[in-house]
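K.L.:
Mind folding the following:
(chains A, B and C)
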Amino acid sequence: MVIYILRRLLALVPVVLIMSIVVFLIIYLIPGDPARVMLGDGADESTIQELRQQMGLNYPLLEQYGRWIGNAVQGDLGRSFFLQQPVSTAIREHLAPTLSLALFAQFIAVLIAIPLGVRAAVNRGGLADKTLNAYSLLGISVPGFLLSLFFVLVFAVRLKWFPVSGFAPLHEGIGSFLKFMFLPALSIGIVMSSLTARIVKASMLEVLHEGFVKTALSKGLRQNTIIYKHVLRNALIPILTVVGGSFGTLVAGAAVIETIFNIPGLGQMLVHAVERRDYAVIQGMVLFIAIVYVAVNLAVDLLYAVVDPRIRLQ
Amino acid sequence: MTDSTVQEGKQQARRTSLIHSQPVRRFMANRTAVIGGVLMLLLIAASLLSPWLARFEPQAVDVVSRLKPPSVKHWFGTDNLGRDVFSRTLNGTKISIQVGLTVALVSSAAGLVIGLYSAYYRRLDQVLMRIMDGIFAFPAVLLAMAMMAALGPNVSNLMICLSIVFTPAVARIVRSSALVVKEQTYIEAMRALGASRTRILWLHIMPGTLSPLIVQGSFVFAESIIVEAALSFLGAGIPAPMPSLGNLLSEGKQFIYNSWWMTLFPGFALILSVLAMNWFGDGLRDMLDPHARTKRKRSRKGSMEKNTSDNNNEKVSSATQASS
Amino acid sequence: MASENLLEIKALQTHFHTEAGKVSAVDGVSLAVGAGEIVGIVGESGCGKSVTAQSILRLLDEKSQASYSGEIHFEGVDLLKLSQRQMRGVRGNDISMIFQDPLSSLNPLLTIGEQITETIRSHRKFSRKNAWQEAVRLLRLTGIPAPERRVHEYPHQLSGGMRQRVMIAIALACEPKLLIADEPTTALDVTIQAQIMDLIAKLNRELGMSVLLITHDLGVVAEVCHRVAVMYAGQIVETADVATLFREPQHPYTVGLLQSIPSLDRDRAKPLQAVEGFVPALHQLPKGCRFAPRCPHADARCHAVMPLLEAKGSLGSQARCWHSEALSQKEAVGHA
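P.N.:
Numbering: from 1, shown residues only, chains lettered A, B, ... in the order given. Have a look, this model is predicted:
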């Protein structure tokens, strides 16, 4: 089990390394001197030099990367010139709305995807299957931010069931949190669920051919027991992989949606950073997403072990 | 472009499949694919003909008729500066298709080269594919946005960023199908006969990767339209006065309370473009993708086996079957 | 006679709906299993013996793939007329089944105990605790050492033979009157095969449980079965007592199967005889006798007209052959 976790961890190292290099190199895409670009034309030379010093631009490239990644490992993602605070602090302050939105959306996605995918697999060619086909095409063709604009048009502007925008943190009461979060979470959740439902169906279909399904049937178990206790449980590993693997996309999607609903999360912070060319924040944010990616992947690996005793007991 | 793709598809089909007309027939039989292809052609035609179709310049300001709902004069209404939303939507679609097509072509070309060489040279594979995996692990919108922030917002930068973001997806697909072709006996034979590596790679392995490449390319097309719209919407894509769909939606958002047409019509144009490409890609995959094809064949074989035999698939003569 | 039989299959047909059209994997099979009896069904792969077995419990997908006709009477009730709900009450309760590959037949994610108790608790009103005690008892009954520990283990922690014992324990959970064993030893080592067959025979003796044994192995049939049916291309071509079948086979296919068994006292210089050719595909069956294309005795009539399953010989055999009278005389001469 320990070996299993270590091996998984080791497999993620090269990906993280590449991701960090990509993030680091982003700043070198800037045409000209980053410090000059950030400060604009009117800046005086001493301010520019100060910023260059602060960004570490005067060191050789490799050393810059070494310093940057060394600090990042210790949780120091640099300092935002515009926010006048460490990037890690800024991320922490903006994390809760994004994370709660992403999790809520994930919850909705799973709530839709599992029953739909299961029904579609069990009753191939039936109503659920046809629905799934149309639904999944819709899901990959309608971006979440557009769906949420449509939802705002219908449910907020026309029907006035929900507020057009805004945010209330969870600790101020679940009611107001849901009121503000429902539309954004629903639009991300629907897009996510179309992908997940397809995986649920494919994974279920594989397992439905397994011998133990016939055994379960020959035992005289109820259909729902067979489907949920035996088939779905065995189909869970590919489903978990997809759900986990798409969490980064989910957070990114949440970031985009935030700007529509005016939710003070990472997305808004990122958009402002892009407007201001606040590269420390941009780099820090993207690196943070990379870390989230790795963390979720590890969590998924651990979940495999929870689901499958063959991994747990090896 | 659709024609040339179908043409390529035909050649591909003639080369690989048993009955060369069958894939094309299957494509025609696949109604959604045909609808997708036709829809795409219509959208391309409409966006190219927009100067004649629309009676207004996309940028023509008319302060007197601001925020007018759809009418006979302005089919999709007007925006906050009195510009014709219909004309702007057509132009936005044109920009989206331009971006989508360019990104699909560039990332397909880059992905093809990277995928082929990684499949063939093992040491190169270690380096290139690790890099591809690293880029692939980022959410597309986020990485493109970060790069755009550095490069500065304009159309060609956007195309560069999106091409970088989508190359890994293509490279992975090309690599895996090239690996399959590489293992085949005739490639071994070619190598034994002393054919040059470049020749083997481009004349013999590359054609085998074309079908998945084309399919993946069509999905990249669709996906890059979405990401472009998202980036422009967030102000990190195509700069504001240009009527891209993302910019139209962003403007529409500001007036969402009373001018629904500013959001609805560009939104539908976006959905239609992406849907058309996805339909088309699905159809192509059904037609070309050898994996999907063998899978279907296998399942058919499987169901037959289940019906005709008891437990073992092999029909061995009775000597081995009935001996103890 | 009919009232004594626990299971009586009459003219069972099992159809599959394929792309090539409707085919009958089981075509007019009639078979009876008496109380406490062990009946074997033998035949090559693809002859329809497994489909017959699964048809009894109606395990095939009736929604899209398969349909049945004929009658399957179990204790006088026609199973083919039951609703899915009523059928659920029969499965695992009155009739249970074990399969060829115990590894794939067990759910890898659930403990042995969970898999046994879920059967018990879906048919009997047992508390969770009592069901687990019962599971331990069943495991002990099937000869698994340290059942108190094994009950908490997962299938991958057991050996192949142990897994098949677990399958048997699951099958025994509700004391069924009939056990259908579908190639229960095919996937196991030779030494384990004998142990599992011994266990099935013992359970038959001690619990009075009838067994329908599906196998391609005539050696197994000879050891444990009372009666046997030989299947070919979806039909029964011969049924007889085990002793009669081995002494006086009536059908050329049975003769072929018997000759292909290796034995120690045979002439080693002579090659082991195989039945030449292959089982015909279901959508292109011959018009006459289905075995005719492979049969050494086939003549014009065999190719044109399908023979019926009729009484042959003096010992109560039934065979589906135009030539069996002549054949048995020739056999007798050969033996003398």
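
K.L.:
okay, CA-based contacts and neighbour counts for the rest of this
P.N.:
Noted.

K.L.:
Mind checking the pLDDT average for stretch B:175-195?
P.N.:
Stretch B:175-195 comes out with an average pLDDT of 84.

K.L.:
can you list contacts of it?
P.N.:
Stretch B:175-195 is contacted by residues B:114-116, B:118-120, B:197, B:200, B:204-206, B:208-209, B:212 when judged by Cα atoms under 8 Å, 6 or more residues apart in numbering or on different chains.

K.L.:
what's in contact with the strand or helix carrying residue A:53?
P.N.:
Using DSSP states H and E, residue A:53 maps to helix A:45-55. Helix A:45-55 is touched from outside by A:35-36, A:39, A:58, A:78, with contacts defined as Cα under 8 Å, 6+ apart.

K.L.:
what residues does the stretch 1-150 of chain C put near chain A?
P.N.:
Residues of the stretch 1-150 of chain C lying close to chain A by Cα under 8 Å from any Cα of the partner chain are C:57, C:59, C:87-93, C:96-99, C:101, C:104-109, C:119, C:122.

K.L.:
gap between residue A:15 and residue B:170?
P.N.:
Distance of residue A:15 to residue B:170, computed by Cα to Cα, to the nearest Å: 18 Å.

K.L.:
Compare neighbour counts for the two and give me the winner.
P.N.:
residue B:170 (28 against 21; other Cα atoms under 10 Å in any protein chain shown).

K.L.:
Give me the distance between that one and residue B:37.
P.N.:
From residue B:170 to residue B:37 the distance is 21 Å (Cα to Cα).

K.L.:
How about residue C:135?
P.N.:
61 Å.

K.L.:
Looking at these two now, which is surrounded by more residues?
P.N.:
More crowded of residue C:135 and residue B:37, by other Cα under 10 Å: residue C:135, with 29 against 23.

K.L.:
which residues touch that one?
P.N.:
Per Cα under 8 Å, 6+ apart, neighbours of residue C:135: C:113, C:116-117, C:151, C:169, C:173.

K.L.:
Among the residues you listed, pick out the one closest to chain B, please.
P.N.:
Nearest to chain B among the contacts of residue C:135 is residue C:169, at 22.7 Å by Cα to the nearest Cα.

K.L.:
residues contacting the closest one?
P.N.:
C:116, C:135, C:138-139, C:141-142.

K.L.:
Tell me who's in contact with residue A:179.
P.N.:
Counting by Cα under 8 Å, 6+ apart, residue A:179 has contacts A:162-163.

K.L.:
Next, the distance between the ends of stretch A:217-224.
P.N.:
11 Å.

K.L.:
anything in that stretch near chain C?
P.N.:
Yes: applying Cα under 8 Å from any Cα, one finds stretch A:217-224 in contact with chain C at A:217-222.

K.L.:
out of the residues you listed, what pair is the most spread apart?
P.N.:
Maximum pairwise distance among the residues of stretch A:217-224 next to chain C (Cα to Cα): 10.5 Å, between A:218 and A:222.

K.L.:
Comparing these two, which residue is more hemmed in?
P.N.:
The residue with more neighbours, out of residue A:218 and residue A:222, is residue A:218; 25 against 15, by other Cα under 10 Å.

K.L.:
On the pLDDT front, check that one for me.
P.N.:
On pLDDT, residue A:218 comes in at 94.

K.L.:
separation between it and residue C:175?
P.N.:
Distance from residue A:218 to residue C:175, counting by Cα to Cα: 14 Å.

K.L.:
hang on, the earlier thing: from the residues of stretch A:217-224 next to chain C, pick the one nearest residue A:252.
P.N.:
Residue A:252 lies nearest to residue A:222 out of these, by Cα to Cα, at 41.3 Å.

K.L.:
That closest one and residue C:87 touch, don't they?
P.N.:
No: at 10.7 Å, residue A:222 does not count as touching residue C:87 under the criterion of Cα atoms under 8 Å.

K.L.:
care to break the chain down by domain?
P.N.:
No chain was given, so I picked chain A. Chain A breaks down into these domains under automatic domain parsing: A:2-73, A:87-312.

K.L.:
actually it's chain C I care about, not the one you picked
P.N.:
Per automatic domain parsing, the structural domains of chain C span C:5-231, C:248-335.

K.L.:
could the ones you listed be laid out in CSV, adding distance to residue A:92?
P.N.:
Converted to CSV, the domains of chain C look like this (distance: least, Cα to Cα, whole Å):
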stretch, distance to residue A:92
domain C:5-231, 39
domain C:248-335, 68
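
K.L.:
Need the winner for burial among those.
P.N.:
The highest mean neighbour count among the domains of chain C, using mean count of other Cα atoms under 10 Å in any protein chain shown, belongs to domain C:5-231: a mean of 20.

K.L.:
any idea where the strands of the chain begin and end?
P.N.:
Because you didn't say which chain, this covers chain A. Ranges of strands in chain A, per DSSP state E, are A:79-80, A:85-86.

K.L.:
Chain C, not that one
P.N.:
Under DSSP E, chain C gives strands at C:5-18, C:21-34, C:38-42, C:66-74, C:77-78, C:95-98, C:178-182, C:210-215, C:227-232, C:235-241, C:310-312, C:317-319.

K.L.:
Only C-alpha atoms, please: export the first one in PDB.
P.N.:
This points to strand C:5-18. Taking Å, rounded to 0.1, in the frame of the first residue of the first chain, the C-alpha atoms of strand C:5-18 are listed here in PDB:
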ATOM      1  CA  ASN C   5     -39.400 -35.500 -11.900                       C
ATOM      2  CA  LEU C   6     -38.100 -32.400 -10.200                       C
ATOM      3  CA  LEU C   7     -37.300 -30.600 -13.500                       C
ATOM      4  CA  GLU C   8     -38.800 -31.400 -16.800                       C
ATOM      5  CA  ILE C   9     -37.900 -29.600 -19.900                       C
ATOM      6  CA  LYS C  10     -40.200 -30.000 -22.800                       C
ATOM      7  CA  ALA C  11     -39.300 -29.000 -26.400                       C
ATOM      8  CA  LEU C  12     -37.300 -26.000 -25.200                       C
ATOM      9  CA  GLN C  13     -36.200 -23.600 -27.800                       C
ATOM     10  CA  THR C  14     -33.900 -20.700 -27.100                       C
ATOM     11  CA  HIS C  15     -33.600 -18.100 -29.800                       C
ATOM     12  CA  PHE C  16     -31.100 -15.400 -30.200                       C
ATOM     13  CA  HIS C  17     -31.700 -12.300 -32.200                       C
ATOM     14  CA  THR C  18     -28.600 -11.600 -34.200                       C
END
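
K.L.:
what packs against it?
P.N.:
Applying 3 or more Cα pairs under 8 Å, 6 or more residues apart in numbering or on different chains; DSSP states H and E, we find strand C:5-18 packed against helix B:290-308, strand C:21-34, helix C:49-56, strand C:66-74.

K.L.:
and the angle for that strand with strand C:21-34?
P.N.:
Orientation check (axes from the mean of the first three to the mean of the last three Cα atoms, to 10 degrees): strand C:5-18 against strand C:21-34 gives 170 degrees.

K.L.:
Just checking: what are the partner strands of strand C:5-18?
P.N.:
Its sheet considered, strand C:5-18 pairs with strand C:21-34 (antiparallel), strand C:66-74 (antiparallel) by DSSP bridges.

K.L.:
Repeat that for the third one.
P.N.:
In the sheet, strand C:38-42 lines up against strand C:210-215 (parallel), strand C:227-232 (parallel) (DSSP bridges).

K.L.:
Then the fifth one?
P.N.:
Paired neighbours of strand C:77-78 in the sheet (DSSP bridges): strand C:66-74 (antiparallel).

K.L.:
Distance from the chain centre to the partner strand, please.
P.N.:
Remark: strand C:66-74 is offset 16 Å from the chain centroid, using Cα atoms, centre = their mean, to the nearest Å.

K.L.:
swap in stretch B:242-259?
P.N.:
On Cα atoms, centre = their mean, the centre of stretch B:242-259 falls 26 Å from the chain's centre.

K.L.:
TSV for the domains of chain C, including mean pLDDT and distance to residue C:240?
P.N.:
Output for those, formatted as TSV (pLDDT from 0 to 100; distance: least, Cα to Cα, whole Å):
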stretch	mean pLDDT	distance to residue C:240
domain C:5-231	92	6
domain C:248-335	79	5
